[in-house]
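J.: fold the following, please.
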Amino acid sequence: LSEDRTVVTAGTCLGLMLVGYALRLDAEARGTGFRLLAQERAARVAEAESAALAERARIAREIHDVLAHSLSAQLVHLEAARLLIERGESDERILERVVLARGMAREGLAETRQALSALRGEMAQVGDFLREVAESQGAAIEVSGVPRQLPAEAGLAVRRVVQEALTNVRKHAPGAAVRVRFAYLDDAVELEVRDGGARRPAGELASTGSGYGLLGMRERAELLGGALEAGPAEPGQEGFVVRLRVPA
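T.: Alright, predicted model coming up:
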C-alpha cells in the first residue's frame, strides 16, 4: 500500500511539474507573441513615416526643378529687357520681353500644378506633352514606339530635360533649328534634343542663369537608373545634343 502511495505521489508531483512547465512555456510564448506584435506595429509606423518623408522629398525636388527652370527662363527675358533699355531700344521691344517673362511666370505656375498632378498619376502621356512643347518653340518633333503611361518620376524627368534643353537653345544658340526625338522602348524611353547651331551670336544672354540645369537633370536621371549625355554634335556637324534614357 505504501508503494502505491509513493507511486501516486510521484505521479502527482510529476504531473504538477509538467503542468507548471507547460504554463511557463505558454506564458513565454504569449510574451514573445506580444513582443513580435509590438515590433511589427513599430515597423509599420516606421515604414509609413519613411514613405511620407520620401514623398515629401520627391515633391520638394520636383517643385525645385520647376522653379529653377521657370526662374531661369524668366531671367533670360528680363535680362534681354535690361539690355534693350540700356541700348535705348523702342518701348515695344522692351514690352515684348516683359510680356514673355510674365508668360514664363504663368507657365511656371502651370508646371507646378502639372508636377503635382503627375505625382498623383493624373498627367497626360509624355508624347502629347512633347508635341505641345515642340510646337510652341517651333521645333520639329518625332515620336516613335507604342505610347504608354510612364511612371511619374520617369515622365517628369523627360519633361524637365526637354524644357531645360530648349531653354539652353534660346540662350546659347538663338535662331537655331531644333529637332526633338522621343522613343518608347520595351523597358525604357529615350529623348534627344538636337540644335543645328546658332544663326546669330548668343550675346550676353548666354551668361544668365545658374548653369546647373543639365547637371541637375543628369543627377535626376542617375537616381532613376538612367543616364543623360550633353555635348557638342558629332564631328563634322554643328550644334549641341542632349540625350536622355531612363527605365520606364
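
J.: next one, pLDDT for residue 191 please.
T.: For residue 191, the pLDDT comes out at 96.

J.: got a list of what it touches?
T.: 130, 158, 161, 162, 180, 181, 182, 242, 243, 244, 245 (C-beta atoms under 8 Å, 6 or more residues apart in numbering). For every residue, glycine as well, the C-beta is placed using N, CA and C.

J.: how about the contacts made by the last one?
T.: Going back to what we said before, that points to residue 245. Contacts of residue 245 by C-beta under 8 Å, 6+ apart are 188, 189, 190, 191, 221, 226, 227, 228.

J.: in ChimeraX, how would I select the buried members of those residues?
T.: In ChimeraX, this line selects whichever of those come out buried by 16 or more other C-beta atoms under 10 Å:
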select :189,190,191,221,226,228
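
J.: other SSEs contacting the longest helix belonging to the chain?
T.: In the chain, assigned by DSSP state H, the helix with the most residues is helix 2-86. On a contact count with 3 or more C-beta pairs under 8 Å, 6 or more residues apart in numbering; DSSP states H and E, helix 2-86 meets helix 91-119, helix 152-172, helix 213-223.

J.: may I see the ones you listed arranged in JSON lines, with mean pLDDT and distance to residue 15 as well?
T.: Shown next, in JSON lines, are the helices and strands packed on helix 2-86 (pLDDT from 0 to 100; distance: least, C-beta to C-beta, whole Å):
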{"stretch": "helix 91-119", "mean pLDDT": "75", "distance to residue 15": "66"}
{"stretch": "helix 152-172", "mean pLDDT": "85", "distance to residue 15": "66"}
{"stretch": "helix 213-223", "mean pLDDT": "81", "distance to residue 15": "66"}
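
J.: how close does the spatially most central residue of the chain sit to residue 220?
T.: Closest residue to the average C-alpha location of the chain: residue 153 at 4.1 Å, with C-alpha atoms, centre = their mean. Plainly put, residue 153 is 8 Å away from residue 220 if you go by C-beta to C-beta, to the nearest Å.

J.: one more: residue 109?
T.: 21 Å.

J.: ok now the helix or strand bottoming out on mean pLDDT in the chain, how far from the chain's centre?
T.: Ranked by mean pLDDT, DSSP states H and E, the weakest helix or strand in the chain is helix 2-86, scoring a mean of 73. Helix 2-86 sits 26 Å away from the centroid of its parent chain (C-alpha atoms, centre = their mean, to the nearest Å).

J.: state the number of residues packed around the closest residue to residue 71 other than its chain neighbours.
T.: With sequence-adjacent residues excluded and distances taken as C-beta to C-beta, 6 or more residues apart in numbering, residue 71 is closest to residue 108, at 7.3 Å. Number of residues near residue 108 (other C-beta atoms under 10 Å) recorded here: 17.

J.: swap in residue 225?
T.: Other residues near residue 225 come to 11 when the count uses other C-beta under 10 Å.

J.: surely it meets residue 247?
T.: Yes: in this structure, residue 225 is within contact of residue 247 by C-beta atoms under 8 Å, at 5.1 Å.
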